[in-house]
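[1] A structural model of the following input is requested.
(one chain, ligands or ions: 2)
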Amino acid sequence: MEGTRVFIGSVIHSRSLNYLEIIDDALVVVRDGRIITLDKADREQEILQSPEAINCEIHRLPHGDFLIPGFIDTHNHAPQWMQRGLGQGMHILDWLDKITFPNEAKFEDPAYAQRVYASCVAGFLRQGITTASYYSSRHAPATKILADECLRQGQRALIGKCNMNRNAPDYYRDESVEASVQETEDCIAHVQSIDPTGELVRYVVTPRFAITCDDELLSLLGSIAKRDNLSIQTHFNEAKQEMKATSQLFPAFKCEADLYEHFGLLNDRSIMAHCCFMSDYELEKFAALDVGVAHCPIANMTVGGGFMTAPIRAFLDKGIKVGLGTDSGGGFSSSILDAMRQALIASNAREVATKGTDEGLSLEELFYMATLGGARVCRFDHKVGNFEIGKEFDALWVSGNVSGVMAPCESEDSTRTVFEKFLMTGDDRNIQKVYVRGVQIK
Ligand code: GUN
Ligand code: FE
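    Ligands and ions are numbered 1, 2, ... in the order given. Modelled structure (predicted):
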């Protein structure tokens, strides 16, 4: 059993939106990166005495430690790593002009991109984000560097060059539709060449949002996504300021759902970020087309979004896929734990605002969105998101036994209690080890 690891201890994962499975004394066997056994530890002797068990690594988790699936960040701007937290108080389009575009323009320099992306990917892995859906800058060379960096550091990722051929400054705009498409094709070819099976890194078609793309570009991007069966990501009904500008630029469409659908960009491969303002018509369309939502609760209530909460309860009630996004830098934090907490607070605020109609989110639902829900949105759920047998072992070894800010674990605490303490008060110091495909990368 070379390349085999056995974990004995507590395991927590989502089986579905409302079914959080907690197994105390679990036995997890990982071979060649895949989970081959998830059982009770009373089979330990039988497994460890088998002839194949020679040379396997055995890890025993003490009381207060547990395994969870790696976090999935469904919406993240890698080039905004350096500007996180800046420009609070501005509305989205002003923030893009004043803070974001000047910052992202720096990624024209590949040496700068290399330095920042190495730090960004390492930083997100440290937060336990084993899968991320990244927007790069508009530059093809920097986008390729980001893909290389994810592969080198072992992070599962969707990576897309931002397409933006209008309504952006001269110094930070795709030169023409042809150039934008050609650079996109270059990036797709690069990502496919470094990981031909798409096991770890894949390209995601990334029109920044409709405001920065003209009809022809949107249409060509829709065709490329269809041709290569690629995921698609953009910003959707994020803020009133953005929605007004979009409807002025595209008067033929009565809403953003119709707009993106028209250009072939709204389907079961779409990852729509924010979705703060949703009509019943758009909710129905998302459900019918199986569109995924990247819920970015921090950005939604700060600079990246519309100072709004999003109708997450309505999405879940309709069976619409929802994951969490840090949206850093529109969101100031790179921690999925912070995103879960803010999603909780936003949902409670919404419960009050809707007089109880939109019930607040449970811990089970929040954790599901951070793991299996996010994997579904990014179309990695056949590989990761929970510890189903046959899936790849993307996991976090969490410890409630380290000193930090987390409410300390006590000897009588149940696994559920330590888990709740971690979700609400823990941080990256409690994430002791990070595994992707069974390989420890932190
Ligand atoms: N809309 C278009 N670009 C962006 C961005 O970088 N961040 C956020 N939050 N919204 C956007
Ligand atoms: Fe964003």
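[2] Going by C-alpha atoms from here, please, whenever you check contacts or count neighbours.
    Will do.
[3] got a list of contacts for the host helix or strand of residue 149?
    In this structure, residue 149 sits in helix 140-153 according to DSSP states H and E. Contact with helix 140-153 is made by 107-110, 113-114, 117-118, 121-122, 136-137, 156-157, 159-161, 183-184, 186-187, 190-191, 194, 200-201, 441, as judged by Cα atoms under 8 Å, 6 or more residues apart in numbering.
[4] What's the PyMOL syntax to select whichever of the residues you listed are buried?
    Selection of the buried residues among the contacts of helix 140-153 in PyMOL, burial being defined by 16 or more other Cα atoms under 10 Å:
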select buried, resi 107+108+110+113+114+117+118+121+122+136+137+156+157+159+160+161+183+184+187+190+191+194+200+201+441
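[5] Inside strands: which ones of the contacts of helix 140-153?
    156, 157, 159, 160, 201 (DSSP state E).
[6] from those, which is closest to residue 423?
    Of all the ones in strands among the contacts of helix 140-153, residue 423 sits closest to residue 156, with 22.7 Å by Cα to Cα.
[7] Hmm, that closest one is touching residue 201, no?
    Yes. If you go by Cα atoms under 8 Å, residue 156 and residue 201 touch, sitting 5.7 Å apart.
[8] Under the pLDDT cut-off, which ranges of the protein? List them.
    Counting by pLDDT under 70, the chain contains low-confidence ranges at 1-2, 52, 304-306.
[9] make it 50
    Applying pLDDT under 50 to the chain flags residues 1.
[10] got the domain boundaries for it?
    Annotated domains of the chain cover 4-69+386-440, 71-377 [automatic domain parsing].
[11] Distance to ligand 1 added to those, as CSV?
    Below are the domains of the chain laid out as CSV (distance: least, Cα to the nearest ligand atom, whole Å):
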stretch, distance to ligand 1
domain 4-69+386-440, 24
domain 71-377, 4
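[12] Residue 197: neighbour count?
    10 (other Cα atoms under 10 Å).
[13] now residue 414
    For residue 414, using other Cα under 10 Å, the count is 14.
[14] who are the neighbours in contact with the residue nearest to residue 64 when sequence neighbours are not counted?
    Using Cα to Cα, 6 or more residues apart in numbering and skipping the chain neighbours, the partner closest in space to residue 64 is residue 400 (5.0 Å). Applying Cα under 8 Å, 6+ apart, we find residue 400 in contact with 64, 65, 406, 408, 409, 418, 422, 430.
[15] how does it look with 6 Å?
    Contact analysis of residue 400 by Cα atoms under 6 Å, 6 or more residues apart in numbering lists 64, 65, 409.
[16] Could I get the CA-only coordinates of the helix holding residue 149 as PDB?
    Provided in PDB are the C-alpha atoms of helix 140-153 (Å, rounded to 0.1, in the frame of the first residue of the first chain):
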ATOM      1  CA  ALA A 140      -2.800  36.700 -21.200                       C
ATOM      2  CA  PRO A 141       0.900  36.200 -20.000                       C
ATOM      3  CA  ALA A 142      -0.200  36.900 -16.400                       C
ATOM      4  CA  THR A 143      -3.100  34.600 -16.700                       C
ATOM      5  CA  LYS A 144      -0.800  31.800 -17.800                       C
ATOM      6  CA  ILE A 145       1.400  32.500 -14.900                       C
ATOM      7  CA  LEU A 146      -1.500  32.200 -12.500                       C
ATOM      8  CA  ALA A 147      -2.400  28.800 -14.000                       C
ATOM      9  CA  ASP A 148       1.200  27.600 -13.700                       C
ATOM     10  CA  GLU A 149       1.400  28.800 -10.100                       C
ATOM     11  CA  CYS A 150      -1.800  26.900  -9.100                       C
ATOM     12  CA  LEU A 151      -0.400  23.700 -10.700                       C
ATOM     13  CA  ARG A 152       3.000  24.200  -9.100                       C
ATOM     14  CA  GLN A 153       1.600  24.800  -5.600                       C
END
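[17] Any buried residues in it, and which?
    Neighbour-count burial for helix 140-153, with 16+ other Cα under 10 Å as criterion, is recorded at 140, 141, 142, 143, 144, 145, 146, 147, 148, 149, 150, 151.
[18] Format the residues you listed as CSV; extra columns: distance to residue 225.
    Shown next, in CSV, are the buried residues of helix 140-153 (distance: Cα to Cα, whole Å):
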residue, distance to residue 225
140, 17
141, 20
142, 21
143, 17
144, 18
145, 21
146, 20
147, 18
148, 21
149, 23
150, 22
151, 22
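[19] between those, which is nearest residue 348?
    Nearest member of the buried residues of helix 140-153 to residue 348, counting by Cα to Cα, is residue 150, at 35.5 Å.
[20] measure that closest one to residue 78 for me?
    Distance from residue 150 to residue 78, counting by Cα to Cα, to the nearest Å: 11 Å.
[21] repeat for residue 101
    In terms of Cα to Cα, residue 101 sits 13 Å off from residue 78.
[22] Please say which of those two ends up with more neighbours.
    residue 78 (27 against 18).
[23] How about the contacts made by that one?
    Contacts of residue 78 by Cα under 6 Å, 6+ apart are residue 136.
[24] next one: phi and psi at it?
    phi -60, psi -40 (degrees, to the nearest 10).
[25] Any idea how far apart the tips of stretch 351-367 sit?
    Per Cα to Cα, stretch 351-367 runs 19 Å from first to last residue.
[26] Just the buried positions in that stretch, please.
    Those would be 351, 358, 359, 360, 361, 363, 364, 365, 366, 367, for stretch 351-367 by 16+ other Cα under 10 Å.
[27] In strands, which of those residues appear?
    Among those, no member is found in strands (DSSP E).
[28] which ones among those are found in helices?
    The subset of the buried residues of stretch 351-367 located in helices under the criterion DSSP state H comprises 351, 363, 364, 365, 366, 367.
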